[in-house]
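Chemist: the sequence and its predicted three-dimensional model are supplied below.
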Amino acid sequence: MSVRLAVSLPVYVEGRRAPSWWATALLVANDGALFACLLFAYFYIRSRAAAWPPGDMKLPELQYPIPMTILLVGSSIPIWWAEHSITQGQVGRLKIGLLLAWLMGLGFLALQVLEYHQKDFAISTNAYGSLFYAITALHGAHVFVALVMNGLLQVRTWKGHFDRRKHLAVQNVALYWHFVDAVWICIFLSLYLSPRLVRP
């Protein structure tokens, strides 16, 4: 009886029934709370400042942030396509979607490095500099983690680990990837656009 019961038990689960999906969701919720606290601190300190950015600092330039936003937010499309494709058993499309998203994420990080090099303030300049670098660098670290996760997925895909029934890792990485993209939208609106639209 016990042998037959063990054989009849499911050997894997997918989607929201899977413990690893819930673990990823909890990670996203925890990181979301962290970024919410940082953005709250940003707006709180800004509300106490006579000018923002303070002193004679220039308004945030959009030369790099706009293409960065296009790349990162746009990368959700191939990630969605990859996830949808594997549910249909399209492994080839999964490979293409993951690679496209990985390249777009890498482009985002490359532009972020270029942006840092052209900044005329440092993390120790003032509260604005500290908040700017803390928030954007922490997000950049999340993008890097997403790239590593995506890269591991690509290796597993080429090894034939996924099919239309077994692709939980793809779902988990897609959830994290979309979260990182959504956080960047909040950062872009808060750090880059709001100082231009609303003056203290």
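Modeler: That came in fine, so what should we check first? Numbering: from 1, shown residues only.

Chemist: please count neighbours and contacts with C-alpha atoms only from this point.
Modeler: Fine.

Chemist: same for whichever strand or helix holds Ala41, what does it pack against?
Modeler: Secondary structure assignment for Ala41, by DSSP states H and E: helix 19-47. Secondary-structure packing of helix 19-47 (3 or more CA pairs under 8 Å, 6 or more residues apart in numbering; DSSP states H and E): helix 127-158, helix 168-187.

Chemist: deepest-packed of the ones you listed, please.
Modeler: helix 168-187 (a mean of 20; mean count of other CA atoms under 10 Å).

Chemist: quick one: that one to helix 127-158, angle?
Modeler: With axes from the mean of the first three to the mean of the last three CA atoms, to 10 degrees as the basis, helix 168-187 and helix 127-158 are set at 160 degrees to each other.

Chemist: now do His142, the pLDDT please.
Modeler: pLDDT for His142: 98.

Chemist: before we move on, what about Arg4?
Modeler: Arg4 carries a pLDDT value of 55.

Chemist: coming back round to it: buried sites along the helix holding Ala41?
Modeler: For helix 19-47, the neighbour count (16 or more other CA atoms under 10 Å) marks Ser20, Trp21, Thr24, Ala25, Val28, Asp31, Gly32, Phe35, Leu38, Leu39, Tyr42, Arg46 as buried.

Chemist: re earlier: do you know which of the helices and strands packed on helix 19-47 lies nearest Leu72?
Modeler: Among those, the nearest to Leu72 by CA to CA is helix 168-187 (6.0 Å).

Chemist: would you put the C-alpha positions of that closest one in PDB?
Modeler: Output of helix 168-187 as PDB, limited to C-alpha atoms (Å, rounded to 0.1, in the frame of the first residue of the first chain):
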ATOM      1  CA  LEU A 168       9.100  26.100 -12.900                       C
ATOM      2  CA  ALA A 169      12.500  27.700 -12.900                       C
ATOM      3  CA  VAL A 170      11.500  29.800 -15.900                       C
ATOM      4  CA  GLN A 171       8.400  31.000 -14.100                       C
ATOM      5  CA  ASN A 172      10.400  31.900 -11.000                       C
ATOM      6  CA  VAL A 173      13.000  33.900 -12.900                       C
ATOM      7  CA  ALA A 174      10.400  35.600 -15.000                       C
ATOM      8  CA  LEU A 175       8.600  36.700 -11.800                       C
ATOM      9  CA  TYR A 176      11.900  38.200 -10.400                       C
ATOM     10  CA  TRP A 177      12.800  39.800 -13.800                       C
ATOM     11  CA  HIS A 178       9.400  41.600 -14.100                       C
ATOM     12  CA  PHE A 179       9.800  42.800 -10.500                       C
ATOM     13  CA  VAL A 180      13.200  44.300 -11.200                       C
ATOM     14  CA  ASP A 181      11.700  46.100 -14.200                       C
ATOM     15  CA  ALA A 182       8.800  47.400 -12.200                       C
ATOM     16  CA  VAL A 183      11.100  48.800  -9.500                       C
ATOM     17  CA  TRP A 184      13.200  50.600 -12.200                       C
ATOM     18  CA  ILE A 185      10.000  52.400 -13.400                       C
ATOM     19  CA  CYS A 186       9.500  53.700  -9.900                       C
ATOM     20  CA  ILE A 187      13.100  54.700  -9.600                       C
END
